[in-house]
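**Student:** Generate a structure from the sequence data that follows.
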Amino acid sequence: TGGSGALVVAAMLDFLTFALCVPYSETTDGKQFDQLLEMVSKRGRVLFKLFEHPSMAIVKGAGLVMRALVEEGSAGVGGRMQALALAEAALPRHLLAALYAPPRLQHRHLARHLVALWLVDHAPAHCLLRRIMPSGLLAFLESTDVPPAVEADVEPERDNLSLAQASVKPRAQHWEALERQVKYVEKHLEHYAQLALQHWAARLGRPAAERRDATRERPVVLRRRRERVKSTANWPLFYYQFHKDHALPNLIWNHTTREELRNALENELRAFTSDREVAGTTLTSWNHAELEVHYQCLQNEVKIGDYYLRILLEQRDNDDSPIRKSYEFFNDLYHRFLSTPKIEMKCMCLQAMSIVYGRYYEDIGPFADTKYIVQMLDRTCDRMERDRLVQFLSKLILHRRNVSDILEWNGIRILVELMTLAHLHTSRATVPAQSNVIEGPQQQTGGDREWYYNVDQGDKVQRKGPVSFQQLKDLYKSGEINNKTKAWANSMEGWRAVGGVAQLKWTLAARGTAVYDESALAATVLDLLITCARYYPSRDEEDAVIRPLPKVKRMLSEPACLAHVVQLLLTFDPILVEKVATLLYEVMQDNPEISKLYLTGVFYFMLLYTGSNLLPIARFLRLTHMKQAFRADQSSSDIMQRSILGQLLPEAMVCYLENHGAEKFAQIFLGEWDTPEAIWNSEMRRMLIMKVSAHIGEFTPRLRAHVAARYPYLAIPAVCYPQLQHELFCNMFYLRHLCDTQKFPDWPIPDPVGLLKDVLEAWRREVEKKPPSMTAGEAYAALGLTTGQHDEAAVRKAYYRLAQQYHPDKNPEGRDRFEAVNQAYEFLCSRNVWTGDGPNTNNIVLILRTQTILFQRYSEVLAPYKYAGYPQLLRTARLEAEAEQLFAERDSAPLLPAACELAHATVRCSALNAEELRREGGLQ
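**Tutor:** Numbering: from 1, shown residues only. The predicted model follows:
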């Protein structure tokens with residue numbers, strides 16, 4: 001009465017606190033503790049009423065008792081208290097305090113502890129938490145991270161045992177002196193007090209000192225604390241992250257969301273309190289099952305499952321972004337992709353699916369609808385959707401089982417058609433070496449006229465053309481043609497609708513904004529194809545060739561696909577060129593179609609490239625250049641007859657590629673070299689590029705007009721390098737440099753015997769050299785050209801005209817004429833057209849000097865062998881000695897001194913050679 005009820009309640013709570021709550025309960029007798037705890041648990045609902053009391057002391061006392069009930073009560077008691085925490089709305093009330101109370105308030109720590117206890121193994125409470133808080137925030141409860149020490153909310157604990165031990169520890173001297181004085185005063189006061197107020201026990205004959213000694217000797221036993229319910233969740237990290245701002249794929253959390261949660265909890269508590277007051281004495285329970293917080297500030301965010309697409313796509317390069325249950329999230333994305341009619345949303349879903357599958361393809365497994373994605377790519381007319389589908393396919397192939405669906409549903413053809421669009425990339429830097437103005441007349445600004453189209457005129461169909469690609473664009477804009485109009489260009493198998501031709505579809509009919517430019521799209525497709533090809537090697541673990549050829553390589557080897565892949569080299573984009581060379585290297589290993597690869601023009605296009613990233617190209621050339629089934633120049637050396645590069649590169653470069661490998665060849669090809677093994681420089685490379693560019697110059701403008709055009713192969717005339725005009729190459733050396741002992745003394749010769757054999761063979765060929773079977777004039781006449789010099793463009797144009805006129809398929813009676821035209825063109829392409837008619841004295845001198853160097857430097861290696869060149873050597877010396885102007889001054893090479901020096905070197909090397917020289921009559 002008189003407003004003293006709160007004091008009584010507080011006093012009662014103090015009693016229960018000292019009896020039941022840690023750390024004071026450690027001194028409570030165990031049996032008494034259990035009895036008192038059971039009595040309090042029967043009135044548990046009353047404690048929840050006290051949580052609403054305005055006095056913080058009472059709220060704290062009730063909280064401490066509740067903590068003891070949950071932690072140390074039986075299993076039934078703890079579960080009942082957890083259920084009552086929901087029924088009485090204590091959980092949201094304490095959650096508000098735990099989340100939003102000031103740090104200095106002692107009540108906040110108790111509220112956090114109670115919230116943690118009420119949630120331990122209690123499914124309804126966990127469900128409530130998931131409905132009001134984002135899953136990304138709740139994920140911190142399962143994290144093993146530790147919050148910063150400054151932010152940690154440490155509970156102030158009282159350790160009774162430590163306090164007892166501290167009381168017997170030695171203290172500082174000034175404290176001991178003060179304590180002695182206090183005890184002295186107490187002793188005298190106690191003496192006089194006892195005289196005045198003698199205890200009744202003294203009258204019974206028991207001194208007070210004895211009673212104190214008995215009390216002092218009895219030990220104090222501390223009760224062991226029971227923690228039957230203990231939270232293992234990482235609540236400190238949760239509370240720390242709750243007050244931080246986050247922008248993660250699974251969590252957007254900031255001041256606005258925190259305030260929305262606070263308002264929602266406060267409104268819910270206010271409504272429950274009001275309803276309970278209206279109910280009066282009726283027992284009322286909180287409807288916790290329907291509480292759900294919808295964050296209005298996040299309504300504009302696209303959320304699929306537990307993840308926000310915008311943040312996921314913004315942080316696509318962050319591999320640490322948390323994605324839990326990737327399989328479910330991927331399926332949610334795919335479901336939204338299928339259900340939405342909006343292209344923008346489809347593209348966002350595709351991009352997110354690419355990110356998720358790229359990171360978790362092993363967990364997600366094979367994608368059952370790969371074929372559907374391929375079909376969508378074939379049907380779509382939206383540039384953004386096209387690019388996102390290609391991006392998704394590039395991630396799907398990370399799982400090998402998805403590759404077979406792409407192959408089965410014609411995905412290779414669709415992807416290769418998209419690659420050809422790279423020829424339309426206009427913002428790419430042009431290559432300075434391009435030279436297409438060879439024919440004289442200026443090219444039209446609209447490009448070559450390659451296209452034909454049909455126009456319906458009543459019952460009749462009128463064919464119109466040829467028109468340029470730019471004119472076709474203008475016709476589409478004017479409405480004269482549409483997506484259903486039939487169109488055709490050279491290299492197409494038949495007439496197709498405008499919407500069915502990749503080039504016209506994506507330049508005329510397509511809509512939307514592309515994600516990739518044409519080159520980036522082609523690079524993505526090339527990466528995809530390279531990965532697919534590497535899944536299926538051409539050889540097994542025992543190095544046995546696998547047959548039949550893997551399907552992906554078989555499909556890429558088809559002429560229609562292979563030509564388009566090869567022609568990407570003509571974009572001169574360094575990234576595309578490198579990827580094309582890598583793909584061709586993977587596809588052509590142990591490929592039966594490798595012998596016909598030269599028909600695509602790949603060797604011309606690769607040598608036309610001016611970039612410096614040549615290693616993939618060199619590897620491809622090393623693999624393929626000796627395996628082409630072309631008609632070679634029979635007058636050249638063995639390696640030049642077998643290598644397709646013989647018409648393009650000096651013999652030394654071909655030998656260097658074959659003997660030293662791709663890495664060394666790439667190094668030589670890019671540098672400036674003037675050694676016995678290699679003569680090559682930037683000027684020679686520039687000349688090669690100019691010759692090849694002139695040879696294919698008529699095709700490149702066609703390719704810009706029609707990206708799916710296919711190169712018609714034509715053999716190129718052998719490239720004559722002025723720098724090599726006075727050089728003689730033999731074995732693997734330029735003999736003029738090898739004989740220059742001043743500039744290249746002691747140049748290493750790895751195989752002296754092999755070089756000697758090749759030099760003797762070169763000597764024989766030089767001496768027996770005969771005029772060619774056809775002269776240049778006869779070849780020009782066969783091509784219908786006048787006598788005299790003609791440039792390569794005129795020769796090529798004449799050959800094209802006559803070959804088409806007399807081709808046996810068109811003119812059965814013109815076979816003989818067709819063969820004569822072919823023979824004439826092959827002669828003009830060979831080296832015979834610019835080699836001499838007879839032996840070259842300078843070459844013979846170099847041959848003699850090379851042999852002399854061999855016998856002088858490697859006499860020990862050559863000593864066991866008899867020299868086989870004495871007949872030719874003596875014939876040369878005899879002819880020179882019998883010449884009329886033997887001792888006259890002349891400009892010709894000194895054959896006789898070189899021959900005599902060689903004879904001396906051979907005899908000095910071995911006695912066998914002296915005997916052989918005598919037998920041949922050389923001593924006479």
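**Student:** For the stretch 651-800 of the chain, which segments are assigned as strands?
**Tutor:** Using DSSP state E, counting those that start in this stretch, the strands found in the stretch 651-800 of the chain span residues 673-674, 679-680, 729-730, 733-734.
**Student:** I'd like these laid out as CSV, including distance to Glu277, mean neighbour count and mean pLDDT.
**Tutor:** All C-beta atoms are positioned from the backbone trio N, CA, C, and that covers glycine. Shown next, in CSV, are the strands of the stretch 651-800 of the chain (distance: least, C-beta to C-beta, whole Å; neighbours: other C-beta atoms under 10 Å; pLDDT from 0 to 100):
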stretch, distance to Glu277, mean neighbour count, mean pLDDT
strand 673-674, 99, 15, 93
strand 679-680, 99, 22, 94
strand 729-730, 109, 21, 91
strand 733-734, 109, 24, 93
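**Student:** okay, these in TSV with distance to Thr281 next?
**Tutor:** TSV is the format used below for the strands of the stretch 651-800 of the chain (distance: least, C-beta to C-beta, whole Å):
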stretch	distance to Thr281
strand 673-674	106
strand 679-680	105
strand 729-730	115
strand 733-734	115
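**Student:** closest to Ser468 out of those strands?
**Tutor:** Closest approach to Ser468 among the strands of the stretch 651-800 of the chain (C-beta to C-beta): strand 679-680, 40.5 Å.
**Student:** packing partners for that closest one?
**Tutor:** Contacts defined by 3 or more C-beta pairs under 8 Å, 6 or more residues apart in numbering; DSSP states H and E place strand 679-680 against helix 651-670.
**Student:** Now the helix it packs on - C-alpha only, CSV.
**Tutor:** Output of helix 651-670 as CSV, limited to C-alpha atoms (Å, rounded to 0.1, in the frame of the first residue of the first chain):
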residue,chain,number,x,y,z
GLU,A,651,64.5,-22.2,-97.1
ALA,A,652,66.5,-21.3,-94.0
MET,A,653,63.4,-20.2,-92.2
VAL,A,654,61.6,-23.4,-93.1
CYS,A,655,64.5,-25.4,-91.8
TYR,A,656,64.7,-23.3,-88.7
LEU,A,657,61.0,-24.0,-88.0
GLU,A,658,61.5,-27.7,-88.5
ASN,A,659,64.9,-28.1,-86.7
HIS,A,660,64.6,-25.7,-83.8
GLY,A,661,60.9,-25.6,-82.9
ALA,A,662,58.2,-23.0,-82.7
GLU,A,663,59.7,-20.9,-79.9
LYS,A,664,63.0,-20.3,-81.7
PHE,A,665,61.2,-19.7,-85.0
ALA,A,666,58.9,-17.1,-83.5
GLN,A,667,62.0,-15.4,-82.0
ILE,A,668,63.8,-15.3,-85.4
PHE,A,669,60.7,-14.2,-87.3
LEU,A,670,60.2,-11.1,-85.0
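**Student:** what's the average pLDDT for it?
**Tutor:** Here helix 651-670 scores 93 as its mean pLDDT.
**Student:** same thing with stretch 906-913?
**Tutor:** pLDDT averaged over stretch 906-913 gives 84.
**Student:** and if you look at stretch 316-329?
**Tutor:** Mean pLDDT, stretch 316-329: 79.
**Student:** go on, stretch 334-346?
**Tutor:** For stretch 334-346, the per-residue pLDDT averages 94.
**Student:** So which bits of that stretch are buried?
**Tutor:** Using 16 or more other C-beta atoms under 10 Å as the test for burial, stretch 334-346 gives Tyr334, Arg336, Phe337, Met345, Lys346.
**Student:** Quick check: which element contains the second one?
**Tutor:** Following DSSP states H and E, the helix or strand that holds Arg336 is helix 326-339.
**Student:** Measure how the helix or strand just after that helix sits relative to helix 326-339, angle-wise.
**Tutor:** Heading C-terminal from helix 326-339, the first helix or strand you meet, by DSSP H and E, is helix 343-364. With axes from the mean of the first three to the mean of the last three C-alpha atoms, to 10 degrees as the basis, helix 343-364 and helix 326-339 are set at 150 degrees to each other.
**Student:** Figure out how far helix 343-364 is from the centre of its chain.
**Tutor:** Here helix 343-364 shows a centroid-to-chain-centroid distance of 16 Å under the convention C-alpha atoms, centre = their mean, to the nearest Å.
**Student:** try stretch 387-402
**Tutor:** Remark: stretch 387-402 is offset 12 Å from the chain centroid, using C-alpha atoms, centre = their mean.
**Student:** For the closest residue to Ile844 other than its chain neighbours, list the residues it contacts.
**Tutor:** Counting by C-beta to C-beta, 6 or more residues apart in numbering, Glu766 is the residue found nearest to Ile844 once chain neighbours are left out, at 6.0 Å. For Glu766, the contact set (C-beta atoms under 8 Å, 6 or more residues apart in numbering) comprises Pro839, Asn840, Asn843, Ile844, Ile847.
**Student:** Closest one of those residues to Glu593?
**Tutor:** Set against Glu593, the nearest of the contacts of Glu766 by C-beta to C-beta is Asn843 (40.4 Å).
**Student:** tell me, how many neighbours does the closest one end up with?
**Tutor:** Number of residues near Asn843 (other C-beta atoms under 10 Å) recorded here: 23.
**Student:** from the middle of its chain, how far away would the strand or helix carrying it be?
**Tutor:** Per DSSP H and E, Asn843 falls inside helix 841-857. Centre-to-centre, helix 841-857 and its host chain are 56 Å apart (C-alpha atoms, centre = their mean).
**Student:** contact partners of it?
**Tutor:** In this structure, residues lying in contact with helix 841-857 by C-beta under 8 Å, 6+ apart are 726, 728, 730, 733, 735-736, 738-739, 741, 746, 749, 752, 755-756, 759-760, 762-763, 766-767, 862, 869, 873, 876, 892-895, 898-899, 901-902, 905-906, 908-909.
**Student:** 6 Å instead?
**Tutor:** With contacts defined as C-beta atoms under 6 Å, 6 or more residues apart in numbering, helix 841-857 is touched by 728, 735-736, 739, 752, 756, 759, 763, 766, 892-893, 898-899, 901-902, 905-906, 909.
**Student:** Isn't Val515 up against Arg386?
**Tutor:** No. The criterion here is C-beta atoms under 6 Å, and Val515 misses it with Arg386 at 8.6 Å.
**Student:** Specify which residue of these two has the higher count of neighbours.
**Tutor:** Regarding Val515 and Arg386, a neighbour count based on other C-beta under 10 Å identifies Arg386 as having more, with 24 against 18.
**Student:** Give me the pLDDT value at the more buried one.
**Tutor:** Arg386 carries a pLDDT value of 97.
**Student:** so what's His255 closest to, chain neighbours aside?
**Tutor:** Distances taken as C-beta to C-beta, 6+ apart put Asp245 closest to His255, at 7.3 Å, once the chain neighbours are dropped.
**Student:** Need the pLDDT of the one you found.
**Tutor:** pLDDT at Asp245 comes out at 95.
**Student:** Count the neighbours of it for me.
**Tutor:** Asp245 has 12 neighbours, counted by other C-beta under 10 Å.
**Student:** quick one: it and Arg258, what's the gap?
**Tutor:** Going from Asp245 to Arg258 by C-beta to C-beta, to the nearest Å gives 9 Å.
**Student:** swap in Trp409?
**Tutor:** Using C-beta to C-beta, Trp409 is found at 50 Å from Arg258.
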